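1. A predicted structure for the sequence below; I have some questions about it.
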Amino acid sequence: MRSRLPFDRIPGLLKNRFFIVTLIFIVWILFFDNNSLMGWVRALGEYYENKSQQRYYKEQILQTEKNLRELQSNKDSLEKFARENYYFHREDEDVFIIVPGPSDPADRVPYR
């Protein structure tokens, strides 16, 4: 005959079927359910990360709008921006910005 563990050695709490069902329910809710606690914590972390990115991009938009207003209102800053950012050149090169001439024919110098 096989020797089995005596039923008296199992703690009383593990014999209680309500405790076992409650333990299985808690494990199911924590890990296996569609709305599990682990998924909820992961979603909350993604939410805070997205909020952080949202703040960063809002600050960048405000900075870009500020720069755009400055470029539209100040001709010197526009030329500086064109020299530094728009025209990619090497340090030893000169960049010439060609401005179109006057559109009124009377202001033009006649050809000879």
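-> Sure, I can see it.
2. how close does Lys58 sit to Asp33?
-> Separation of Lys58 from Asp33 (C-beta to C-beta, to the nearest Å): 36 Å. All C-beta atoms are positioned from the backbone trio N, CA, C, and that covers glycine.
3. which helix or strand contains the most centrally placed residue in the chain?
-> The residue lying closest to the centre of the chain (C-alpha atoms, centre = their mean) is Gln53, at 3.6 Å. Assigned by DSSP states H and E, Gln53 belongs to helix 37-73.
4. from the chain's centroid, how far away is that helix?
-> Relative to the chain's own centre, helix 37-73 is displaced by 6 Å; criterion: C-alpha atoms, centre = their mean, to the nearest Å.
5. following that helix, which helix or strand comes up?
-> Moving toward the C-terminus from helix 37-73, the next element (DSSP H and E) is helix 75-81.
6. so for that next one, what's the average pLDDT?
-> Helix 75-81 carries an average pLDDT of 79.
7. over to stretch 15-35?
-> Mean pLDDT, computed over stretch 15-35, is 85.
8. also stretch 49-69?
-> The average pLDDT within stretch 49-69 is 94.
9. who's in contact with the residue nearest to the centre of the chain?
-> Counting by C-beta atoms under 8 Å, 6 or more residues apart in numbering, Gln53 touches no other residue.
10. now Tyr57: how far from Glu91?
-> According to C-beta to C-beta, Tyr57 and Glu91 sit 33 Å apart.
11. ok, these two, which is more surrounded?
-> Neighbours around Tyr57 and Glu91, counted as other C-beta atoms under 10 Å, are more numerous at Tyr57. The numbers are 10 against 4.
12. what about that one, distance to Thr64?
-> Separation of Tyr57 from Thr64 (C-beta to C-beta) stands at 10 Å.
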